[in-house]
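In: okay, structure incoming, though there's no sequence with it:
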């Protein structure tokens, strides 16, 4: 039988699991509401109980006071003695019985005038009365029951002498009445239990209602979650609708749509990169294969083999350069926990580095009969990664020499500005438009759509240069000037500026 009930129990637990999950927003709201309602109802019930208990006590005191006044009206003074009119004083509640009440009358604070039959000769403990108002006290009745006492005191005058000798004929009479408090205390206890039960029931009903309302209120969250679950890499262009969600969720939906937009762009760039890499690899590999196949069709002269090998090596150099640049870009753009070590940023003389790197390109510029205009003095101190900056400079020199017109001009200029160092490399003979100049930093982009020119260039050099410069906290920009002059300008922070920024960051964190 137990095994037969197991599937039902498992299904029930599965349905109840969201209700007991402490991380659930619904559970937290319901629990917070339950606690708030419990506190509110408890305080309200406590206030009502105290108020109604006080009202019952006041009514009980008033009834005792009325009985005490009634007895006081029966006290008379005849022939100098204070007496009680016994004919009217025999009240049923003061007779000998199980739940009897008690009274006692004193004169001048000591002499007992009379006592109720229920006392059976015993005395009530006197209460000190001040003023004309009744005085109340809680205590134990002569038979041990819990009770309440009231005493009132007044001056008694004989009627025939009241106007003649008021001072000498008066007597101080004290009347005390005592009764059991069990009746009103039981009523107060029953009222407290009723309030407690009512508050508990109201809390349970309120929590159930609020849980239902919270569940309905959170339905839009479920719909948003379902809409997000339906978004895959095939339909990243879709966006979540915010017209059917509450106002509080619209910023969340807006941020999610922005995230989807960024993801769509990232996937689009990934697909474009895959296509570009495939295209860039296909052409040189096809040329390499064709050269080797032609060379292997028949026996050739040694010079033919040498030229073919040289052409194949050139193609392999182009492939190796592209792969190296792709690896550098991947390391710079990596954001996961396993990344390449961060490059060391240190002061570097930009003018000296420009001059040392130019030595490797001088022969190429002379072979193309280019005019060099140099205005980059030494002593231009910047803060950057020396090896990374050397890659940037190599790419700028290589790009300028490769795309300049034969016999054209190449200009290198550098200067120190407040807090930074700026240098630029420009060449003549550019055929790019101003709009195209803004795309030279895109991956695999080249001005010739057929991708046939510029030798070993694959469109990654300037992309890599931008990543390195931005990683050093600098900027890089390309512009087209009148006369077909293509200019790339690089700005790097100076050591003083970096030190000031690090000092400010340290002060904030400290």
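Out: Yep, that arrived. As the structure is a prediction and not an experimental result, all values here were calculated from the model.
In: gap between the helix ranked longest in the chain and the chain center?
Out: Longest helix of the chain, by residue count under DSSP state H: helix 25-74. Centroid separation for helix 25-74 versus its chain: 42 Å, with CA atoms, centre = their mean, to the nearest Å.
In: same for that helix, what does it pack against?
Out: helix 2-20, helix 86-89, strand 102-107, strand 146-156, strand 171-180, helix 182-217 (3 or more CB pairs under 8 Å, 6 or more residues apart in numbering; DSSP states H and E). All C-beta atoms are positioned from the backbone trio N, CA, C, and that covers glycine.
In: make CSV out of those and add mean pLDDT, distance to residue 48 and mean neighbour count.
Out: Formatted as CSV, the helices and strands packed on helix 25-74 follow (pLDDT from 0 to 100; distance: least, CB to CB, whole Å; neighbours: other CB atoms under 10 Å):
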stretch, mean pLDDT, distance to residue 48, mean neighbour count
helix 2-20, 50, 32, 9
helix 86-89, 56, 40, 11
strand 102-107, 87, 33, 23
strand 146-156, 88, 23, 19
strand 171-180, 88, 25, 23
helix 182-217, 88, 6, 14
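In: and those as JSON lines, adding distance to residue 478?
Out: Output for the helices and strands packed on helix 25-74, formatted as JSON lines (distance: least, CB to CB, whole Å):
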{"stretch": "helix 2-20", "distance to residue 478": "56"}
{"stretch": "helix 86-89", "distance to residue 478": "119"}
{"stretch": "strand 102-107", "distance to residue 478": "111"}
{"stretch": "strand 146-156", "distance to residue 478": "99"}
{"stretch": "strand 171-180", "distance to residue 478": "103"}
{"stretch": "helix 182-217", "distance to residue 478": "54"}
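In: which one of the ones you listed lies nearest to residue 373?
Out: Residue 373 sits nearest to helix 182-217 of all the helices and strands packed on helix 25-74, at 71.7 Å, using CB to CB.
In: which is the succeeding secondary structure element to the longest helix of the chain?
Out: Following helix 25-74 in sequence order, the next helix or strand is strand 75-78 (DSSP states H and E).
In: which residues touch the helix or strand following that next one?
Out: Where DSSP H and E defines the elements, the next helix or strand beyond strand 75-78 is strand 81-84. Contact partners of strand 81-84, identified using CB atoms under 8 Å, 6 or more residues apart in numbering, comprise 71, 74, 75, 76, 77, 105, 107, 113, 114, 156, 171, 173.
In: what do you get for stretch 346-356?
Out: 376-386, 389-390, 393, 412, 414, 421, 423, 492, 495.
In: buried among those? Make that a ChimeraX selection.
Out: Buried residues within the contacts of stretch 346-356, by 16 or more other CB atoms under 10 Å, are selected in ChimeraX with:
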select :376,377,380,381,382,383,384,385,389,390,393,412,414,421,423,492,495
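In: tell me which of the contacts of stretch 346-356 fall in helices.
Out: Per DSSP H, those map to helices at 386, 389, 390, 393, 495.
In: quick one: least confident of those residues?
Out: The lowest pLDDT within those belongs to residue 495, which sits at 74.
In: show me what contacts that residue?
Out: Contacts of residue 495 (CB under 8 Å, 6+ apart): 347, 381, 382, 383.
In: closest to residue 38 among those?
Out: Closest to residue 38, out of all of these and judged by CB to CB, is residue 383, at 62.6 Å.
In: any idea how far that closest one is from residue 69?
Out: Per CB to CB, to the nearest Å, residue 383 is found 101 Å from residue 69.
In: what's the neighbour count on the residue lying closest to residue 192 once chain neighbours are set aside?
Out: Take residue 192 and drop its neighbours on the chain: the residue closest to it by CB to CB, 6 or more residues apart in numbering is residue 49, 4.9 Å away. If you count neighbours by other CB atoms under 10 Å, residue 49 ends up with 18.
In: repeat that for residue 230.
Out: Neighbours around residue 230, by other CB under 10 Å: 10.
In: can you check residue 309 too?
Out: Residue 309 has 13 nearby residues by other CB under 10 Å.
In: spatially nearest residue to residue 63, not counting backbone neighbours?
Out: Nearest to residue 63 is residue 179, by CB to CB, 6+ apart, at 7.9 Å.
In: distance check, the one you found against residue 150.
Out: If you go by CB to CB, the gap between residue 179 and residue 150 works out to 9 Å.
In: need the overlap of contacts for those two.
Out: residue 64.
In: so which bits of stretch 479-497 are buried?
Out: 480, 485, 486, 487, 488, 490, 491, 492, 493, 494, 495, 497.
In: closest one of the residues you listed to residue 302?
Out: Nearest to residue 302 among these, with distances taken as CB to CB, is residue 486, at 42.4 Å.
In: residue 431 contacts residue 485, doesn't it?
Out: No - under the criterion of CB atoms under 8 Å, residue 431 makes no contact with residue 485, lying 11.6 Å away.
In: any residues in contact with both of those two?
Out: Counting by CB under 8 Å, 6+ apart, nothing touches both residue 431 and residue 485.
In: which residue ranges of the stretch 301-450 of the chain form helices?
Out: 302-333, 350-358, 362-367, 386-403, 434-437 (DSSP state H, counting those that start in this stretch).
In: still on that earlier bit, what's the closest of the contacts of strand 81-84 to residue 93?
Out: Nearest member of the contacts of strand 81-84 to residue 93, counting by CB to CB, is residue 71, at 11.7 Å.
In: where does pLDDT dip in the stretch 251-400 of the chain?
Out: 269, 272-283, 318, 321-322, 324-344 (pLDDT under 70).
In: what of the stretch 1-150 of the chain?
Out: Looking at the stretch 1-150 of the chain by pLDDT under 70, you get 1-23, 78-80, 82, 85-90.
In: switch the cut-off to 50
Out: 1-3, 5-6, 8, 12-13 (pLDDT under 50).
In: one step back: kindly reformat the ones in helices among the contacts of stretch 346-356 as TSV containing distance to residue 41.
Out: Shown next, in TSV, are the ones in helices among the contacts of stretch 346-356 (distance: CB to CB, whole Å):
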residue	distance to residue 41
386	73
389	72
390	76
393	77
495	69
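In: with respect to residue 261, which of those is nearest?
Out: Closest to residue 261, out of all of the ones in helices among the contacts of stretch 346-356 and judged by CB to CB, is residue 389, at 34.0 Å.
In: picking that back up, quick one: the residue nearest to residue 192 from residue 198, how far?
Out: 11 Å.
In: rewinding a little: and of the helices of the stretch 301-450 of the chain, who's closest to residue 256?
Out: Nearest of those (CB to CB): helix 302-333, 24.0 Å.
In: so which of the helices and strands packed on helix 25-74 comes closest to residue 309?
Out: helix 2-20 (70.5 Å).
In: could you say which helix or strand holds residue 112?
Out: Here residue 112 is assigned to strand 111-115, by DSSP H and E.
In: do you know how far residue 74 is from residue 105?
Out: Taking CB to CB, one finds residue 74 at 9 Å from residue 105.
In: how many residues are close by the closest residue to residue 245 other than its chain neighbours?
Out: Excluding the flanking residues, the one nearest residue 245 by CB to CB, 6+ apart is residue 220, at 4.7 Å. For residue 220, the neighbour count with other CB under 10 Å is 15.
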